[in-house]
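J.: model this:
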Amino acid sequence: MLLNIDQQKELFPALLYLNMRELKNMSLHFRLPIQNEKIKLIESIELYLTTGKITTQQQIPTASKAKPKTVYPLAPETIILKGSFTNDLKTRIFLKSLIGNHFHYTAYGIDWIKEQWVQGTPPTYAQFATYWQQEYQKRQITKAPMKVEWAYLNFLDRYQKQHPTASKSQAIGAWKIERAVQVEKIKKILKLSNATFCKIKI
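T.: Numbers count the residues shown, from 1 in each chain. This next block holds a predicted model:
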């Protein structure tokens, strides 16, 4: 089904409220390739519902993938490869030793690594540390806005500005209510049943 302009205006902002499982289920329902990033899933669904076209999934070249049964130590000169990199506590402690105690996993950092993988130029931990620190300092100055796909964080930010005395539990409760409204809106526009929308667990 192709959406008209009014349907697009109503549906597309609502897609931001879906979680990854729901978006992947919707992609499978429309026989679209499963992307690994929320914004890519949303863009793929939007393209299909407006043009009928199906996007191809970005492929990561062999040069960016870890080799089986190969150990990749946590060291500045070690290349970060898909299949070997994990954003766990051990890696975070190591990156703090390179960057400083202010390091934390960020979406822009993970996105940068994934971009390098797709381009076939996986970075070393030292290169990632340099990028992360430079980007962190820039964002401290510019106060870069949160990504549009970060619906939960954007909602909490707006809610707390509108209700400065509200508790965090109240804000989370308001989010759950709003998310439920948006999910029902999507189901209605696309004529999706509860079973179709959530039948596959990913």
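
J.: which residues touch the nearest residue to Gln116 once chain neighbours are set aside?
T.: The shortest distance from Gln116 to any non-neighbouring residue, by Cβ to Cβ, 6 or more residues apart in numbering, is to Pro123 (5.1 Å). Glycine gets a C-beta too; all of them are placed from N, C-alpha and C. Contacts for Pro123 (Cβ atoms under 8 Å, 6 or more residues apart in numbering) come out as 79-80, 113, 116, 131.

J.: how about the residues you listed in a markdown table, adding pLDDT?
T.: Conversion of the contacts of Pro123 to a markdown table gives the following (pLDDT from 0 to 100):
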| residue | pLDDT |
| --- | --- |
| Ile79 | 98 |
| Ile80 | 98 |
| Ile113 | 96 |
| Gln116 | 96 |
| Tyr131 | 96 |
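
J.: in helices, which of those fall?
T.: Within the contacts of Pro123, residues falling in helices by DSSP state H are 113, 116, 131.

J.: out of those residues, which are buried?
T.: Among the ones in helices among the contacts of Pro123, those classed as buried by 16 or more other Cβ atoms under 10 Å are 113, 116, 131.

J.: could I get those residues as TSV with distance to Asn194?
T.: Output for those, formatted as TSV (distance: Cβ to Cβ, whole Å):
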residue	distance to Asn194
Ile113	36
Gln116	40
Tyr131	43
